[in-house]
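**Student:** Below: sequence and its predicted model.
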Amino acid sequence: MEQINHNIQCSVNTCAHHAGEQDYCTLRSIRVGCCAAQPKSCDCTECASFQMRRGGCR
């Protein structure tokens, strides 16, 4: 497993970069993207670094 980045918390355990049993990311940095042209809330943003892990959602 890649090294855990304690600066990036993540609870999306279906991501290939999730740190397994710990709610952190293993990437050195992430990209944050928008789902709307002019975001006005957190719901309009996303982790653009997300990659589905093998096996996908269960």
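**Tutor:** The structure has been received and is ready for your questions. Residues are numbered from 1 along each chain as shown.
**Student:** Contacts only, for S11.
**Tutor:** By Cβ atoms under 8 Å, 6 or more residues apart in numbering, the residues touching S11 are D23. (Glycine included, C-beta is placed from N, CA and C.)
**Student:** backbone phi and psi for it, please?
**Tutor:** Taking degrees, to the nearest 10, you get phi -110, psi 10 for the backbone angles of S11.
**Student:** That one and T26: what is the separation?
**Tutor:** Using Cβ to Cβ, to the nearest Å, we find S11 at a distance of 14 Å from T26.
**Student:** Where does the nearest residue to C25 once chain neighbours are set aside sit: helix, strand or coil?
**Tutor:** Once its chain neighbours are removed from consideration, C25 has its nearest residue in I8; the separation is 3.9 Å (Cβ to Cβ, 6 or more residues apart in numbering). In the three-state summary, I8 is assigned as strand, counting by DSSP: H, G, I helix; E, B strand; the rest coil.
**Student:** What separation is there between I8 and C34?
**Tutor:** Distance of I8 to C34, computed by Cβ to Cβ: 19 Å.
**Student:** who has more neighbours, these two?
**Tutor:** Here I8 and C34 are compared on neighbour count by other Cβ atoms under 10 Å; more neighbours surround I8, at 18 against 11.
**Student:** hang on, isn't the more buried one packed against R31?
**Tutor:** No: in this structure, I8 is not within contact of R31 by Cβ atoms under 8 Å, at 11.5 Å.
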